[in-house]
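> fold the following and give me the result.
(2 chains)
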2 protein chains.
Amino acid sequence: MRKSLGAKTLIYPTPVFVVGTYDKAGKPNVMTASWGGICCSSPPCVAVSIRKAAYSHGNIVERKAFTINIPAEANIREADFFGLVSGKDRDKFTEAGLTPVKSDMVDAPYVKEFPFALECKLLKTVEIGSHTQFIGEVIDIKAEPSMLDANGNLDIEKVMPVIFTPVSRNYYGIGRSVGKAFSIGKNI
Amino acid sequence: MRKSLGAKTLIYPTPVFVVGTYDKAGKPNVMTASWGGICCSSPPCVAVSIRKAAYSHGNIVERKAFTINIPAEANIREADFFGLVSGKDRDKFTEAGLTPVKSDMVDAPYVKEFPFALECKLLKTVEIGSHTQFIGEVIDIKAEPSMLDANGNLDIEKVMPVIFTPVSRNYYGIGRSVGKAFSIGKNI
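Model prediction:
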């Protein structure tokens, strides 16, 4: 007999996105957001949901662009910090000792010290309830060369990304490979 | 100097959702989808993106409900299989030897053998490009009691969920806890 847990925002895994934006004056900001994911293959799109009160919300509306930075385990303190304070009255990059780099392709900064970032152009804005969902078209992905495998692809075992667990509010690392997708289910 | 990887659908972690639906005739179906995530806190909502050609697409439009089932590492062969064939001409539950259970709260089945499921009522439909994004309001979460910790919350170390890596197309397990969220960034 299953147990009812009620209506909760709880899935595993939930990502840790660090959203990079510029404000009106050109000050770079970053915020942590875990409500999001890939949402379309063609055009390649990623969705991230943000409360209207967040400083980054206004920045995305204004600049119509953002980056999604994926922190490594080694960056988890900074990523957590980016979700604790507001960029309205703080300079989070400077306080965390991290470096904003202007994206080549979109009007938003990425975090130089994190493994990789998606450069996104705002494609659609969906009002849901407490959150606005920003759908960004991925224009490019920029990665640290040390995060790539021999074929030039991102290697998750080098990136060492982080998982967020809602409700219990913990961060986890990734584990071992457990199978090849579109393959291990063939001979069920 | 960062390396440009081009416009790709690539984030870490990407989830493995198994979407449960009924068709017009009441036949239960399941499909695997990795484009999705939580998208709102209030009301609690989850988004999943599906191609129009998928059998489940029509089911969701018709029934205005779906479940999101989270497979464990132990279920990864079945979850992969659910992404390889179409429910249009196959009975995936029977072929995989798994059991559909009618949700209490919504007009959709969940997978009895998987650790937990979100019961979702269709709230919004967003056309993006190749994919339709279905936003479901989470009406309840139903979990196997053995997946809960002493406080009655889902325990990720019992659930053992799976991560999908786009482009390289592998599945990974979860690793160790690397810190407390909304906490470890306080003294940066």
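> in chain A, which spans are strands?
In chain A, the strands defined using DSSP state E lie at A:3-6, A:14-15, A:17-22, A:28-33, A:36-40, A:45-51, A:65-70, A:100-102, A:109-111, A:116-127, A:131-143, A:163-165, A:170-180.
> let's have these in CSV, adding mean pLDDT, mean neighbour count and distance to residue A:88.
All C-beta spots, glycine's among them, are computed from the backbone N, C-alpha and C. Shown next, in CSV, are the strands of chain A (pLDDT from 0 to 100; neighbours: other Cβ atoms under 10 Å in any protein chain shown; distance: least, Cβ to Cβ, whole Å):
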stretch, mean pLDDT, mean neighbour count, distance to residue A:88
strand A:3-6, 97, 14, 33
strand A:14-15, 98, 24, 24
strand A:17-22, 98, 26, 12
strand A:28-33, 98, 24, 9
strand A:36-40, 98, 28, 22
strand A:45-51, 98, 25, 13
strand A:65-70, 98, 27, 17
strand A:100-102, 98, 16, 17
strand A:109-111, 98, 26, 17
strand A:116-127, 98, 21, 20
strand A:131-143, 98, 23, 17
strand A:163-165, 98, 25, 23
strand A:170-180, 97, 17, 25
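> pLDDT value on residue A:1, please?
Here the pLDDT value assigned to residue A:1 is 85.
> once you drop chain neighbours, what's closest to the residue located most distally from the centre of chain A?
Largest separation from the mean C-alpha position in chain A: residue A:1, at 36.5 Å (Cα atoms, centre = their mean). Spatial nearest neighbour of residue A:1, chain neighbours left out: residue B:145 (7.5 Å); criterion: Cβ to Cβ, 6 or more residues apart in numbering or on different chains.
> can I get stretch A:57-65 as PDB, trimmed to CA atoms?
C-alpha atoms of stretch A:57-65 as PDB (Å, rounded to 0.1, in the frame of the first residue of the first chain):
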ATOM      1  CA  HIS A  57      13.700  38.100 -12.800                       C
ATOM      2  CA  GLY A  58      13.800  41.800 -13.800                       C
ATOM      3  CA  ASN A  59      17.200  41.300 -15.400                       C
ATOM      4  CA  ILE A  60      15.900  38.600 -17.700                       C
ATOM      5  CA  VAL A  61      12.800  40.600 -18.700                       C
ATOM      6  CA  GLU A  62      15.100  43.600 -19.400                       C
ATOM      7  CA  ARG A  63      18.000  41.900 -21.200                       C
ATOM      8  CA  LYS A  64      16.100  38.900 -22.800                       C
ATOM      9  CA  ALA A  65      19.000  36.700 -22.100                       C
END
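> pretty sure residue A:50 contacts residue A:59?
No - counting by Cβ atoms under 8 Å, residue A:50 stays clear of residue A:59, with 9.7 Å between them.
> residue contacts, residue A:81?
A:92, A:95-96, B:185-186, B:188 (Cβ atoms under 8 Å, 6 or more residues apart in numbering or on different chains).
> between these, which is nearest residue B:44?
residue B:185 (24.8 Å; Cβ to Cβ).
> list the contacts of that closest one.
Applying Cβ under 8 Å, 6+ apart, the residues near residue B:185 are A:76-84.
> top of these by neighbour count?
Counting by other Cβ atoms under 10 Å in any protein chain shown, residue A:82 has the largest number of neighbours within the contacts of residue B:185, with 30 neighbours.
> for that one, which residues are in contact?
For residue A:82, the contact set (Cβ under 8 Å, 6+ apart) comprises A:18, A:30-32, A:92, A:96, B:185.
> if we go to 6 Å?
A:18, A:30-32, A:92 (Cβ atoms under 6 Å, 6 or more residues apart in numbering or on different chains).
> related to what we said a few turns ago, out of the strands of chain A, nearest to residue B:102?
It is, among the strands of chain A and with distance given as Cβ to Cβ, strand A:3-6, at 14.5 Å.
> for the closest one, the distance to its chain's centre please.
Strand A:3-6 sits 29 Å away from the centroid of its parent chain (Cα atoms, centre = their mean, to the nearest Å).
> now swap in stretch A:31-43 and tell me
Worked out by Cα atoms, centre = their mean, stretch A:31-43 lies 7 Å from the chain centre.
> on that earlier part again, what is the neighbour count of the residue nearest to residue A:1?
When neighbours are counted by other Cβ under 10 Å, residue B:145 comes out with 9.
> would you agree it is in contact with residue A:3?
Yes - the pair residue B:145 and residue A:3 qualifies as a contact (Cβ atoms under 6 Å) at a distance of 5.1 Å.
> in space, what's closest to residue A:188 - neighbours in sequence excluded?
Once flanking residues are discounted, residue A:188 sits nearest to residue B:81: 4.5 Å by Cβ to Cβ, 6+ apart.
> residues of the longest helix anywhere in chain A that come out buried?
Counting residues, the longest helix found in chain A (DSSP state H) is helix A:55-63. Across helix A:55-63, burial judged by 16 or more other Cβ atoms under 10 Å in any protein chain shown covers A:55-60, A:63.
> now pLDDT and distance to chain B too, for those residues, in CSV please.
What follows is those, written out as CSV (pLDDT from 0 to 100; distance: Cβ to the nearest Cβ, whole Å):
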residue, pLDDT, distance to chain B
A:55, 97, 17
A:56, 98, 16
A:57, 98, 14
A:58, 98, 19
A:59, 98, 19
A:60, 98, 15
A:63, 98, 19
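> Serialize these to JSON lines and add fields for distance to residue B:25.
Below are the buried residues of helix A:55-63 laid out as JSON lines (distance: Cβ to Cβ, whole Å):
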{"residue": "A:55", "distance to residue B:25": "51"}
{"residue": "A:56", "distance to residue B:25": "46"}
{"residue": "A:57", "distance to residue B:25": "44"}
{"residue": "A:58", "distance to residue B:25": "49"}
{"residue": "A:59", "distance to residue B:25": "49"}
{"residue": "A:60", "distance to residue B:25": "44"}
{"residue": "A:63", "distance to residue B:25": "49"}
